[in-house]
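Asker: Below are the sequence and a predicted model for it; my questions follow.
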Amino acid sequence: MKLIFLGAPGAGKGTQAEVVCKELNIPAISTGNILREALKSGTEMGLKAKTYMEAGKLVPDDVVIGIIKDRLAEDDCKNGFVLDGFPRTIPQAEALDASGIVIDRVIDIEVPDEKIVARMSGRRVCEQCGASYHMLYKHPKVEGVCDSCGGTLVQRKDDHPDTVLDRLRVYHEQTEPLKAYYEKQGKLKIVEGQEEIADTTALTLKAVAE
Ligand code: ADP
Ligand code: ZN
C-alpha cells in the first residue's frame, strides 16, 4: 500500500503514520525527519534547508523532490510506504505523479487551527533519534528522556509559537490545495483528529482499510 498523510503541522500525521506503518509493515518516510537529520550532521543539503526550516518556511521543491526520489528508490519501499510531510506543494505532487509511482490513498488528518497552536507548545522531540512526544498526549516513561534511545527531549525551534503561526499560514496557502488535487484523483480520505491519539488511530486505520 502506498499512502500519503496530509495535515497541518501538529495535526498528528507523523504519529498516525508510524502506527499505520507498524501495522502494515512498511516504512514511514518523513521529509521533515530526513531534513533534520541532514541538518544535524551538517551536510550540504542540511545547510541549504536550515534557514527555511527555522523560519517555518518550506524548503525549495527541487531539494525535497530529490530527497524523496532517492528514498523511494530504496529496496524497503518496494511493497509500499507512508509519506509523512511530502508532498507539501502542488509541484511536489506533480513530480511524484510524473515519477510513475502510483499512490493508493491519501489520508488527511484534520484539526482546527486553534487546537493546533495549543498542541504545538507541548510537542517535544528526541535530540538524538527524532522520535516525537507530547507533554499532554504522548508522555515519555521518564520526563525529558526518549523511550527508545535515552536521548534528551527538546522543543523544536520551529515549534515556538510565532513560527507555528507562520507554518500554519504556509500550510493553508501551499499544502491545503493538495486536498482538491487528490480529491480529483478519487484518493482523498478525511480523518477528523480526536482529543485522544488512540481514537484518531482507530479512525485512521479504518480509513486505510476501507
Ligand atoms: P510538521 O509536519 O510538524 O510541520 P515536518 O517535520 O514535516 O513538520 O517539517 C518540518 C519542516 O521541514 C517544514 O516546516 C519545512 O521547512 C521542512 N519540510 C518538510 N517536508 C517538506 C516538504 N515536503 N517540502 C518543503 N519543506 C519541507
Ligand atoms: Zn531517541
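Answerer: Nice, I can see it. Ligands and ions are numbered 1, 2, ... in the order given.
Asker: Would you mind measuring from L168 to ligand 2?
Answerer: 27 Å (CB to the ion, to the nearest Å). C-beta coordinates here come from the backbone N, C-alpha and C atoms, glycine included.
Asker: Over to the residue lying closest to S121 once chain neighbours are set aside: give its phi and psi.
Answerer: Excluding its sequence neighbours, the residue lying closest to S121 (CB to CB, 6 or more residues apart in numbering) is P161, at 6.6 Å. Here is the backbone geometry of P161 (degrees, to the nearest 10): phi -50, psi -40.
Asker: so who does P161 touch?
Answerer: Shown in contact with P161 (CB atoms under 8 Å, 6 or more residues apart in numbering): V117, M120, S121.
Asker: ok, the second one - how many residues close by?
Answerer: Using other CB atoms under 10 Å, M120 has 23 other residues around it.
Asker: OK, contacts around it?
Answerer: Contacts of M120 (CB under 8 Å, 6+ apart): P9, G10, D159, P161, V164.
Asker: Burial check on the residue of the chain found nearest ligand 1, number of neighbours?
Answerer: Nearest to ligand 1, among the residues of the chain, is G32, at 1.9 Å (CB to the nearest ligand atom). Using other CB under 10 Å, G32 has 22 other residues around it.
Asker: Name the nearest residue to it, ignoring sequence neighbours.
Answerer: G85 (4.8 Å).
Asker: Could you check the pLDDT of the residue of the chain closest to ligand 1?
Answerer: For G32, the model assigns a pLDDT of 93.
Asker: Quick check: it touching L83?
Answerer: No - between G32 and L83 there is no contact under CB atoms under 8 Å: 11.3 Å.
Asker: For the residue of the chain closest to ligand 1, what are phi and psi?
Answerer: Per degrees, to the nearest 10, the backbone of G32 is at phi -60, psi -50.
Asker: Pull up the gap between it and H139, please.
Answerer: Using CB to CB, to the nearest Å, G32 is found at 22 Å from H139.
Asker: For this structure, which segments count as helices?
Answerer: Assigned by DSSP state H, the chain shows helices spanning 13-24, 31-40, 44-54, 61-72, 90-98, 113-120, 161-170, 177-184, 197-209.
Asker: hmm, who's touching the last one?
Answerer: I take that to be helix 197-209. 1, 3, 12, 15-16, 19-20, 23-24, 105, 107, 109, 137-138, 189-194.
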